[in-house]
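K.L.:
Let me see the structure of the following:
(chains A, B, C and D)
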There are 2 protein chains.
Amino acid sequence: MSTMKSPSAIACCPPVTEAALDDETAHRLAAVFAVLGDPVRLRLFSLVASQPGGSCACDLVEPLGRSQPTVSHHLKVLFDSGLVDRERRGRWIWYSARPEALATAAELINC
Amino acid sequence: MSTMKSPSAIACCPPVTEAALDDETAHRLAAVFAVLGDPVRLRLFSLVASQPGGSCACDLVEPLGRSQPTVSHHLKVLFDSGLVDRERRGRWIWYSARPEALATAAELINC
DNA sequence: CCTCTATATTGGCAAGTATCGATATATTGA
DNA sequence: TCAATATATCGATACTTGCCAATATAGAGG
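P.N.:
Okay, the predicted model is just below:
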């Protein structure tokens, strides 16, 4: 462990370099990373997150180049992990990003 | 997309909410997330990263509670992804974190 | 050289997962 | 209530991956 924190260092939140993660924290963080660890799902998340008002699920199938069930599956994974929110609007279902959820991952990476 | 970047905003990299990722970028970022997406490997990385001078591989087996080949495997994954560096010192091999590699992931999350 | 020790590689298995076609559910509108 | 459409679920398959035991490799020191 560091003997002393340099006061001249940029004030930042403790990244992973600060201390080893306990088992439970590692599981919690790894779960978020695992969700973002699939290219199709990461791109899906970015598609949803880049639309301020959210996205209709129907608009997400074509740009991903995957079948509707596959996209639905990935959306479920994103929803279950808390990374996106879901709201029914009539016949359609709208997904929107929950950037707070990224804060979990940022715990580790941010600075 | 934003019409203009506020100069008063903290200078920071565009997060995922800024624009949808293209396929290649998604693959590149997802690869990093996938590496961090396993709890044992994430904890291994944090163990290495929390030691300023790096860690001897021999000190990493026991705290992880996994076999030596398994730890070696995870270290290889971390090394291949650029997240850690490797250096032989006599009979031992020292691993150290390369925080720059986290910047790739931070591209997406930070801000 | 030979032994000892540290680390890596191999081989194989079990569990997980990304994917799709087929089908079910749910909502709208006639 | 029925047809049309949007989304979810199911079942199956191929591929990936985390894990360990066994074995190989490679320095250090006699």
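
K.L.:
thought A:Arg41 was touching A:Val77?
P.N.:
Yes: counting by Cβ atoms under 8 Å, A:Arg41 touches A:Val77, with 6.4 Å between them. In this view, the C-beta of every residue, glycine as well, is placed from N, C-alpha and C.

K.L.:
Name the residue in the two with the higher neighbour count.
P.N.:
Remark: of A:Arg41 and A:Val77, A:Arg41 carries more neighbours, 25 against 16, as counted by other Cβ atoms under 10 Å in any protein chain shown.

K.L.:
Now do the contacts for the more buried one.
P.N.:
A:Val35, A:His74, A:Val77, A:Leu78, B:Ala30 (Cβ atoms under 8 Å, 6 or more residues apart in numbering or on different chains).

K.L.:
Go back to those residues and keep what's next to DNA strand C.
P.N.:
Filtering those for proximity to DNA strand C by Cβ under 7 Å from any atom of the strand leaves A:His74, A:Val77.

K.L.:
who wins for neighbours among the contacts of A:Arg41?
P.N.:
Ranked by neighbour count (other Cβ under 10 Å), those have A:Leu78 at the top, with 25 neighbours.

K.L.:
Could you see whether DNA strand D lies near the strand or helix carrying that residue?
P.N.:
Using DSSP states H and E, A:Leu78 sits in helix A:68-80. Yes: shown here: helix A:68-80 in contact with DNA strand D (Cβ under 7 Å from any atom of the strand) through A:Gln68, A:Pro69, A:Ser72, A:His73, A:Leu75, A:Lys76.

K.L.:
shared neighbours, A:Arg41 and A:Val77?
P.N.:
Contact criterion Cβ under 8 Å, 6+ apart; residues shared by A:Arg41 and A:Val77: A:Val35.
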